[in-house]
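# Predicted model, plus sequence, below.
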Amino acid sequence: MPELPEVETTRRGLHPYLEGQRLARVHVRCGAFRRPLPADFAESVTARRIRELGRRGKYLLWHFEGGLVLLQHLGMSGRMAVFEGPPPAPSAHDHLDFETEKGVLLRYRDPRRFGLFAFAEAASLAAHPLLKAMGPEPLEAGFDGAALRARLGASRRPLKTALLDQHVVAGLGNIYVCESLYEAGLSPNRPAGSLGPKRAAKLAAAIQGVLGRAIEAGGSTLRDHAQPSGELGYFQHRFAVYDREGQPCPGCDCARGVRRLRQGGRSTFYCPKRQR
Ligand SMILES: [Zn+2]
């Protein structure tokens, strides 16, 4: 499932093809996503110039001239691909094609169709129902231990569960929450409201470090054009604990290695010795 680094890598990959460009054609093969695609979707975005491609949490924000903003969420399995030459024939999961005036094709593929597209107005973007209660951007100035503690409040729910909540911090999902908690040495089971200033500062720094390194890894895939499929935002990344049950955890001498537990229906990977 794409999290902040994958969405940011997608944004960086698409941006050069979209900034200042108009969409010449938009082809909708299927509009049955988490929410049905707006009826006037293709007409609304065709022939309008794109000022900027932004991001908020896990949402891509297509800013069009005139104040229209398209919010795009990749859901569980959505990905964008870029074809500068003739594109391959679309598969069953290639639902949307966006063709720029320079003839570059951007294709949206989403096998599980949990993605989402919605329109907003730039002037009231922050008040849009999908964005208004969203927590702080972890990579922007002002995100620190104090900001994190304010969002966690006095909650008794497990720290892992709280960090997955987009109202606490924007953009985190299962992978980067597991990695950040490991790096900060904090137990996923600890009550979210139990962090003192020092531990909260350590966790905020761990989140920033983990996300920053993942975005760097994603950036190198853009430079190398590593994806012959044209797909953006997915890359091999070495994780310390995520999906590594039973393997030794780096920098730790525990005998059993990385463990897995179920929290809120999701797998948490952690080390009980290192994480308290
Ligand atoms: Zn360990």
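Now that the structure is in, tell me what you want to look at.

# Return the backbone torsion pair for the spatially closest residue to Gln21 that is not a sequence neighbour.
Excluding the flanking residues, the one nearest Gln21 by CB to CB, 6 or more residues apart in numbering is Thr100, at 4.5 Å. Heads up, the C-betas are built off the backbone N, CA and C, glycines and all. Dihedral pair for Thr100: phi -80, psi 170, per degrees, to the nearest 10.

# same check, this time on Leu195
phi -80, psi 130.

# Distance check, it against Gly264.
Separation of Leu195 from Gly264 (CB to CB, to the nearest Å): 19 Å.

# Among these two, which residue is more densely surrounded?
Leu195 (22 against 11; other CB atoms under 10 Å).

# what's near enough to touch that one?
Residues near Leu195 by CB atoms under 8 Å, 6 or more residues apart in numbering: Leu148, Arg149, Leu152, Leu159, Leu186, Leu203.

# Whatever residue of the stretch 101-250 of the chain ends up closest to the ion: which element?
The ion sits closest to Cys249 of the stretch 101-250 of the chain, with a gap of 3.7 Å, by CB to the ion. Using DSSP states H and E, Cys249 sits in no helix or strand.

# List the residues that contact the nearest residue to Ser194 once chain neighbours are set aside.
In space, and not counting its chain neighbours, Ser194 is closest to Leu159: 7.8 Å by CB to CB, 6+ apart. When contacts are counted by CB under 8 Å, 6+ apart, Leu159 touches Leu152, Leu181, Leu186, Ser187, Pro188, Asn189, Arg190, Pro191, Ala192, Ser194, Leu195.

# can you list these in TSV and add distance to Ile175, pLDDT and secondary structure?
Converted to TSV, the contacts of Leu159 look like this (distance: CB to CB, whole Å; pLDDT from 0 to 100; DSSP: H, G, I helix; E, B strand; the rest coil):
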residue	distance to Ile175	pLDDT	secondary structure
Leu152	20	98	helix
Leu181	11	98	helix
Leu186	16	98	coil
Ser187	18	98	coil
Pro188	13	98	coil
Asn189	18	97	coil
Arg190	19	98	coil
Pro191	23	98	strand
Ala192	19	98	helix
Ser194	24	97	helix
Leu195	21	98	coil
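
# Give the residue spans of this protein that score low on pLDDT.
Low-confidence segments of the chain, defined by pLDDT under 70: 223-229, 235-236.

# Run through the residues of it sitting next to the ion.
Cys249, Cys252, Cys254, Cys271, Lys273, Arg274 (CB under 5 Å from the ion).

# Quickly list what the residue nearest to Gln21 is bridged to.
Leu23 (DSSP bridges).

# Next, count neighbours for it.
Thr100: 18 neighbours (other CB under 10 Å).

# circling back: pull the most distant pair out of the residues of the chain next to the ion.
Cys249 and Lys273 (8.4 Å; CB to CB).

# Contacts only, for whatever residue of the stretch 1-150 of the chain ends up closest to the ion.
Using CB to the ion, the closest approach of the stretch 1-150 of the chain to the ion is made by Glu3 at 23.5 Å. Applying CB under 8 Å, 6+ apart to Glu3 gives the contacts Lys58, Gly171, Leu172, Gly173, Asn174, Ile175, Tyr176.

# rerun that using 7 Å as the cut-off
Lys58, Gly171, Leu172, Gly173, Ile175, Tyr176 (CB atoms under 7 Å, 6 or more residues apart in numbering).

# how far out from the middle of the chain is stretch 242-254?
25 Å (CA atoms, centre = their mean, to the nearest Å).
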